[in-house]
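1. I would like the atomic coordinates for the input below:
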Amino acid sequence: MGEGHRQRLLTKYYNGGIRCLCEEEIIEILLFLAIPRKDTRPIAVSLIEKFGNLVGILEASREEISKIDGIGPRSAMTISFMKDLLFYYRKDKRKYFKEASYIDDIGEYLADTYGNEKVEYVFAFYIDEKKRYRACDVISTGQEFSAQLDFVYIEKRAKQHGVRKVVIAHNHPSGLAIPSHADLVATEMAKSYLESMGIELIDHIIFERDDFVSLAESNMMSAEDELSEFFDDWTDKKYGGKLPGKK
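-> Numbers count the residues shown, from 1 in each chain. Here you go, the predicted model:
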């Protein structure tokens, strides 16, 4: 199996696009970039056997990939580069979020790209009057969200970008995208401060690897004395009154 197989596979992709390829063939073509002549099918099979699927392969570290027979430094770097390339593609594609679903776009982007982080990340997204994303700042990392939400910095950056709407977001490394009482209180404080400066906090997104929650869409951006009622109602609707992991 040599150049003829490669050409047939590339022709298959050229004529039908990636939808006509199985996962193994996609990995084969990816390996073509790093391995000019060698048969890449056995390597693709080994990668799937080890990591389960294409997602598992892209999520694996370069060191783990290098342990597969037939994978050299160049192949490992190519696979690692592909993951990074996809990250930047998704980031740039979302430069202008669609008005109807920009909250979903932000939530999915964060869950996909930062959902596996072991420490907390706090973000601010700056949104223009047409509900388009203009810029994003990482406000802080590594400490609890409520202790690291810098209202003054967010206000300053919003004005620098010429916008009056902001979305804040942070991850829950614990693995559950459930707002804590501290999250709700910090949201109320941020909302009150930013409104006093002429800036609207339109949402707070909490995310983890497989899920995200929009506090605005969950009706949890309201006054602090109403937060407990909203939290109980939201928990009932999302989890039938029983939090995941609780008996």
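2. my guess is Glu120 meets Asn171, correct?
-> Yes: the pair Glu120 / Asn171 is scored as a contact, 6.0 Å apart, by C-beta atoms under 8 Å. Yep, even glycine has a C-beta here, placed from its N, CA and C like the rest.
3. give me the distance between the two termini of stretch 115-127.
-> Start and end residues of stretch 115-127 are separated by 22 Å (C-alpha to C-alpha, to the nearest Å).
4. now stretch 121-137: mean pLDDT?
-> What stretch 121-137 shows for mean pLDDT is 86.
5. same deal with stretch 172-184?
-> For stretch 172-184, the per-residue pLDDT averages 82.
6. list the buried ones in the helix or strand encompassing Gln7?
-> Using DSSP states H and E, Gln7 sits in helix 3-16. Using 16 or more other C-beta atoms under 10 Å as the test for burial, helix 3-16 gives 6, 9, 13.
7. test my guess that the second one contacts Ile26.
-> No: the pair Leu9 and Ile26 does not pass the contact test of C-beta under 8 Å, sitting 9.9 Å apart.
8. tell me the one of the buried residues of helix 3-16 nearest Arg132?
-> Looking at the buried residues of helix 3-16 and their distance to Arg132, the nearest is Tyr13, at 34.0 Å (C-beta to C-beta).
9. re earlier: Glu120 and Asn171: which is more packed in?
-> Asn171 (27 against 20; other C-beta atoms under 10 Å).
10. who's that one bridged to?
-> Per DSSP bridges, the residues bridged to Asn171 are Phe207.
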